[in-house]
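Peer 1: I'd like to go over a predicted model; first the sequence, then the structure.
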Amino acid sequence: MHRFYQHDLDQQESFLLNQLEAHHLLKVLRLTQGSKVVVTNGKGLLATCLIEQADKKNVQLSVLERNFEKKAPVSITMAVALTKSLDRYTWFLEKACEIGVDQIVPIVSQNSERKKINNPDRLQKVLISAMKQSQSAFLPKLHPITRLNEFLEKDVSDFKLIAHCQNSTKKRLTHLPLKGDAISLLIGPEGDFTDKEVQLAESNQVIAVSLGKKRLRVETAALTGLIIIDTLSQG
């Protein structure tokens with residue numbers, strides 16, 4: 001069944017589908033009255049619904065059944081510097097959502113070439129689309145753009161990691177015994193983190209890690225790190 005997103009879905013037995021999703025249901029998928037769909041609130045709830053009404057403006061749904069998906073035991077936060085090309089960052093968001101990230105924090109550091117997003121709603125739409133496409137019931141939380149030092153001050157993860165290209169002592173990410181309920185990974189911009197930024201992170205109990213011998217692009221490094229963490233945390 002086709003899947004839709006309704007952030008305020010709770011215990012109501014009947015509701016109007018939000019305008020954006022209703023347009024997709026009516027104009028793109030061309031579903032009609034009597035069809036069944038699945039609606040999620042992005043927080044684990046999956047509701048099987050019947051289309052009671054479908055006209056030019058409104059889609060009325062009635063809930064037939066509710067199910068709840070269990071959240072992964074480990075919460076993963078990816079703090080990834082904005083890329084110069086926003087298309088590359090949106091690609092990262094899409095793939096990270098499909099893999100199973102919990103939180104994404106766009107980071108700005110000294111070498112960042114991009115420091116703002118003109119249309120943040122676009123990124124949220126990318127995440128919603130990826131959540132539905134991957135048949136997930138959990139929508140990653142996209143935080144506002146945050147400066148590196150501010151993220152370091154607020155991050156309360158059990159395991160804090162930073163990947164960088166500096167010639168200093170680093171641990172191989174694949175060899176770390178990742179423990180705890182929350183893990184965060186910092187990935188720098190095209191120009192990488194500066195020496196001072198790495199030192200600042202390490203002074204905040206962040207562990208420097210290596211993702212391998214090759215120099216990776218920002219979005220590639222982020223996804224590589226996420227896949228490794230996701231795999232290790234499940235094992």
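Peer 2: Great, that's in hand.

Peer 1: CA only for contacts and neighbour counts going forward, please
Peer 2: OK.

Peer 1: distance of the spatially most central residue of the chain relative to Thr77?
Peer 2: By C-alpha atoms, centre = their mean, the chain has its centre lying nearest to Pro140, at 3.9 Å. According to C-alpha to C-alpha, to the nearest Å, Pro140 stands 9 Å off from Thr77.

Peer 1: quick revisit: thinking the residue nearest to the centre of the chain is in contact with Cys97, fair?
Peer 2: Yes: counting by C-alpha atoms under 8 Å, Pro140 sits close enough to Cys97 to count as a contact (6.6 Å).

Peer 1: please enumerate the helices of the protein.
Peer 2: 19-23, 86-99, 120-133, 148-154, 195-203, 218-234 (DSSP state H).

Peer 1: nearest to Val105, out of those?
Peer 2: Val105 lies closest, by C-alpha to C-alpha, to one member of the helices of the chain: helix 148-154, at 8.3 Å.

Peer 1: who's in contact with the residue nearest to the centre of the chain?
Peer 2: Counting by C-alpha atoms under 8 Å, 6 or more residues apart in numbering, Pro140 touches Cys97, Val101, Asp102, Gln103, Ile104, Leu127.

Peer 1: kindly recompute the last result at 6 Å.
Peer 2: Counting by C-alpha atoms under 6 Å, 6 or more residues apart in numbering, Pro140 touches Asp102, Gln103.

Peer 1: tally of neighbours for Ala22?
Peer 2: Ala22: 23 surrounding residues under other C-alpha atoms under 10 Å.

Peer 1: do Ser168 as well
Peer 2: 11.

Peer 1: try Glu150
Peer 2: If you count neighbours by other C-alpha under 10 Å, Glu150 ends up with 11.

Peer 1: closest to Val63 out of the helices of the chain?
Peer 2: With respect to Val63, and counting by C-alpha to C-alpha, the nearest of those is helix 19-23 at 15.9 Å.

Peer 1: need the overlap of contacts for Pro140 and Thr77.
Peer 2: Shared contacts of Pro140 and Thr77, counting by C-alpha under 6 Å, 6+ apart, come down to Asp102, Gln103.

Peer 1: tell me which residues form a beta bridge with the closest residue to Leu17 other than its chain neighbours?
Peer 2: Excluding the flanking residues, the one nearest Leu17 by C-alpha to C-alpha, 6 or more residues apart in numbering is Val59, at 5.6 Å. With DSSP bridges applied, Val59 shows beta-bridge pairing to Ala54.
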